[in-house]
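> Quick one: sequence plus predicted model below, questions after.
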Amino acid sequence: MPKLLKEAHQVKEALEKIGDGLPDAISADVMATKINALEAKVREIDSVNADKTRLVNEKGELAEDLSDYIVRSRSTVKGVFGADSTEYDMVGGTRASERKKGKRKEDEEA
């Protein structure tokens with residue numbers, strides 16, 4: 001886009017120097033209007049993109065906070081009611097009695 005705007009500004013300056021002799025539809029004023037419209041839209045898009053970036057960052061922070069709160073909640077329920085409690089299972093924890101038992105090295109070598 002900057003290349004297009006640079007080119008448009010060069011053509012506008014040339015049209016200002018040429019002055020008369022061109023059809024009314026081709027003028028520095030018309031070029032300036034079109035340049036201003038595009039530059040305004042670019043600024044609007046830049047603003048929207050900045051807002052989007054800010055909102056995405058805020059969403060990430062809120063999601064991280066919620067995730068941390070879930071972990072703290074589970075840990076608290078586990079600490080209060082125990083690792084094998086129904087309450088721990090209710091908040092999404094895996095009860096100790098439901099965990100797979102690890103294999104011992106002697107069993108694997110045999």
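Structure's in. What do you need? Numbering: from 1, shown residues only.
> quick one: average pLDDT of stretch 93-108?
The pLDDT scores in stretch 93-108 average 79.
> What of stretch 24-34?
For stretch 24-34, the mean pLDDT works out to 93.
> elements contacting the lengthiest helix in the chain?
Counting by DSSP state H, the longest helix found in the chain is helix 28-81. Counting contacts by 3 or more C-beta pairs under 8 Å, 6 or more residues apart in numbering; DSSP states H and E, helix 28-81 is packed against helix 2-18, helix 86-90. From N, CA and C alone the C-beta is placed, and that goes for glycine too.
> Would you mind putting these into JSON lines with mean neighbour count alongside?
Conversion of those to JSON lines gives the following (neighbours: other C-beta atoms under 10 Å):
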{"stretch": "helix 2-18", "mean neighbour count": "12"}
{"stretch": "helix 86-90", "mean neighbour count": "14"}
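> out of those helices, which comes closest to residue 100?
Comparing the helices and strands packed on helix 28-81 by their distance to residue 100 (C-beta to C-beta), the top pick is helix 86-90, with 15.8 Å.
> what mean pLDDT does that closest one have?
Per-residue pLDDT values across helix 86-90 average out to 95.
> Tell me which residue is most central in this structure.
Most central in the chain under C-alpha atoms, centre = their mean is residue 56, positioned 3.9 Å from the mean C-alpha point.
> which ones are touching that one?
With contact set as C-beta atoms under 8 Å, 6 or more residues apart in numbering, residue 56 has no partners.
> distance of it from residue 45?
From residue 56 across to residue 45, the span is 16 Å (C-beta to C-beta, to the nearest Å).
> Distance from the chain centre to the longest helix of the chain, please.
Shown here is helix 28-81, whose average C-alpha point lies 6 Å from the average C-alpha point of the whole chain (C-alpha atoms, centre = their mean, to the nearest Å).
> could you give the angle of that helix to helix 2-18?
Angle, helix 28-81 to helix 2-18, by axes from the mean of the first three to the mean of the last three C-alpha atoms, to 10 degrees: 160 degrees.
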